[in-house]
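**Q** can you look at this prediction? I've put the sequence above it.
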Amino acid sequence: MREEALSAIRRKMDAAAVRAGRRPEEVTLVAVTKTVGVAMVREAFRAGLRIFGENRVQEAREKAGQLPEEEYPGIRWHLIGHLQKNKVKQAVQLFDLIHSVDSPGLAEELHRQAERTGKMQRVLVQVKLSPEETKHGAAEQDLLPLLGRVRQLGALKVEGLMTMPPFFDDPEKARPYFRKLRELRDRAEKEGFRLPELSMGMSDDFEVAIEEGATLVRIGTALFGERSG
Ligand SMILES: *Cc1c(COP(=O)(O)O)cnc(C)c1O
């Protein structure tokens, strides 16, 4: 990982926050390490990064096993990819925050496994805002019922929403999706939910996402270079 890449990203993050009249500390960088080797994750930790995002449970387990918290104090893993029910038990053991809850069935299984181990599992609800894409996420009209269900599950703490817009060459084209997620959040808060976190923005569009209210940006290639896999 290039330290200059990290400082450039941090500068851009801070500037975007300030442009939007927000405090830079409100925005957390999630370093997306899918396909990135453990040696590079170690380097990223040394450079000051603490939160690592993975989209596959197995890959995250392998890396986390080699980066124990005793030696890497404060290291945290976030699941940013789709979660299958048969991986829920492992996911609850490993992830501090799961960004991708998108159905009542998945939420219920997460609750069951978290309750067993006495864990309060922090989660975000993933929303699908682009029907033409084959993406995961709850449909807009299913959001409030899903939030209502999750609220009944005592071992889950829902902290916000996540989305992944379609890819555009021009990051400005992603802006309406980010704005939409914030508006959905605001609407849900009027219904009594508390959803401070908005996980949105990746390497190509994190500045726009921060201008629209992102609190967690998920950045891979801008930090670690192009993925081979
Ligand atoms: C891979 C991935 C990212 C990071 O994408 P980059 O363009 O490499 O920054 C962010 N979020 C999710 C859900 C991903 O799968």
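**A** Received the coordinates, thanks.
**Q** hey, let's count contacts and neighbours off CA atoms from now on
**A** Will do.
**Q** so who does H78 touch?
**A** Listed by CA atoms under 8 Å, 6 or more residues apart in numbering, the contact set of H78 reads V30, I51, F52, G53, E54, F95, D96, L97, I98, H99.
**Q** in which helix or strand would I find E159?
**A** strand 156-163 (DSSP states H and E).
**Q** packing partners for that strand?
**A** For strand 156-163, the helices and strands in contact under the criterion 3 or more CA pairs under 8 Å, 6 or more residues apart in numbering; DSSP states H and E are strand 97-101, helix 104-117, strand 121-128, helix 143-151, helix 175-190, strand 197-199.
**Q** to A20, which of those lies closest?
**A** Of all these, the one in closest proximity to A20, counting by CA to CA, is helix 175-190 (12.7 Å).
**Q** show me what contacts the residue nearest to H82 when sequence neighbours are not counted?
**A** Leaving aside its chain neighbours, H82 sits nearest to S100 (5.8 Å; criterion: CA to CA, 6 or more residues apart in numbering). Applying CA under 8 Å, 6+ apart, one finds that S100 lies in contact with L79, I80, G81, H82, L83, V123, L124, V125, Q126, G137, M162.
**Q** touching, H111 and Q152? I think so.
**A** No - H111 is beyond contact range of Q152, at 9.8 Å (criterion: CA atoms under 8 Å).
**Q** between these two, which is the more surrounded one?
**A** Between H111 and Q152, H111 has the larger neighbour count (other CA atoms under 10 Å), namely 23 against 12.
**Q** what parts of this structure come near the ligand?
**A** Counting by CA under 6 Å from any ligand atom, the positions of the chain adjacent to the ligand are V32, N55, I80, G81, M202, S203, R218, I219, G220, T221.
**Q** among those residues, which are in strands?
**A** Of the residues of the chain next to the ligand, the ones assigned to strands by DSSP state E are V32, R218, I219.
**Q** and the pLDDT at the second one?
**A** When you say that, I think you mean R218. At R218, the pLDDT value in this model is 98.
**Q** helix/strand/coil for K135?
**A** coil (DSSP: H, G, I helix; E, B strand; the rest coil).
**Q** hey, what's the nearest residue to it once chain neighbours are set aside bridged with?
**A** What sits nearest to K135 in space, not counting adjacent residues and going by CA to CA, 6+ apart, is K128, at 6.8 Å. When bridges are assigned using DSSP bridges, the partners listed for K128 are A139.
**Q** who are the contact partners of K128?
**A** Shown here is K128, whose contacts under the criterion CA under 8 Å, 6+ apart are K135, H136, G137, A138, A139, E140, T163, M164, P165.
**Q** quick one, phi psi at L49?
**A** Dihedral pair for L49: phi -80, psi 150, per degrees, to the nearest 10.
**Q** for the residue nearest to it when sequence neighbours are not counted, grab the count of nearby residues.
**A** Spatial nearest neighbour of L49, chain neighbours left out: A31 (7.3 Å); criterion: CA to CA, 6+ apart. In terms of burial, A31 registers 27 neighbours under the definition other CA under 10 Å.
**Q** could you list every residue that touches A31?
**A** Counting by CA under 8 Å, 6+ apart, A31 has contacts L49, I51, F52, G53, R218, I219, G220, L223.
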